[in-house]
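> The following comprises the amino acid sequence and a computationally predicted model.
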Amino acid sequence: MSFAGGCQCGAVRFRVDGALGRASVCHCRMCQKAFAAPYGALVTVGREQLTWTRGERGRFQSSNKVARGFCRDCGTPLTFEWDDAKIDLAICAFDAPAEIAPEVQLRAASGLPWAAEVGSLPAGDSPGSAAHDAGVVSNQHPDHDT
């Protein structure tokens, strides 16, 4: 069993060999800021399972206990580094993030009050969004190794 992923621009790529650990979403303020999102979606893996296959991540020591890895070129959040034996990887940095469903919410008391209601918002696109999207040429790295 192997899982691959990387950043938005493709400068940093990784592979995880073996089963993934606990998948979670964390609502703490540091995760909100690090992901620029209502929460960070992360999955734990053993460091021995993780191979960096392209490039090198930048690291920011976000607290006395945690470093966060990211792509220096495009800024994609990649890691939550809190343990010598384990590391958390950003779920949406994987090539197939839909296969990694969170099983627990962490620091839920810090969650943004509106985040719990997002699923009940009406779904739809803005007028003209289909035409706009048809003209988009993505510069993102594809969701596979190249």
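Thanks, I have it.
> Tell me which residues are up against the longest strand along the chain.
Longest strand in the chain by number of residues (criterion: DSSP state E): strand 40-46. Applying Cβ atoms under 8 Å, 6 or more residues apart in numbering, the external contacts of strand 40-46 come out as 16, 18, 20-26, 31-32, 34-35, 77, 80, 85-92, 94, 97, 100, 102. All C-beta spots, glycine's among them, are computed from the backbone N, C-alpha and C.
> Quick one: mean pLDDT for that strand?
The predicted model assigns strand 40-46 a mean pLDDT of 98.
> Excluding residues flanking it in the chain, which one is nearest Glu103?
Excluding its sequence neighbours, the residue lying closest to Glu103 (Cβ to Cβ, 6 or more residues apart in numbering) is Ala23, at 5.6 Å.
> got the contact list for that neighbour?
Ala41, Leu42, Val43, Thr44, Ile91, Ile100, Ala101, Pro102, Glu103, Val104.
> the helices in the chain, which residues?
In the chain, the helices defined using DSSP state H lie at 29-35, 129-134.
> what's the residue closest to the geometric middle of the chain?
Nearest to the mean C-alpha position of the chain, counting by Cα atoms, centre = their mean, stands Ala90 at 2.6 Å.
> While we're on that residue, how confident is the model there?
pLDDT recorded at Ala90 is 98.
> Now do the same contact list for it.
Ala90 makes contact with Phe35, Gly40, Ala41, Leu42, Thr76, Pro77, Leu78, Thr79, Phe80, according to Cβ under 8 Å, 6+ apart.
> 7 Å - rerun?
Gly40, Ala41, Leu42, Pro77, Leu78 (Cβ atoms under 7 Å, 6 or more residues apart in numbering).
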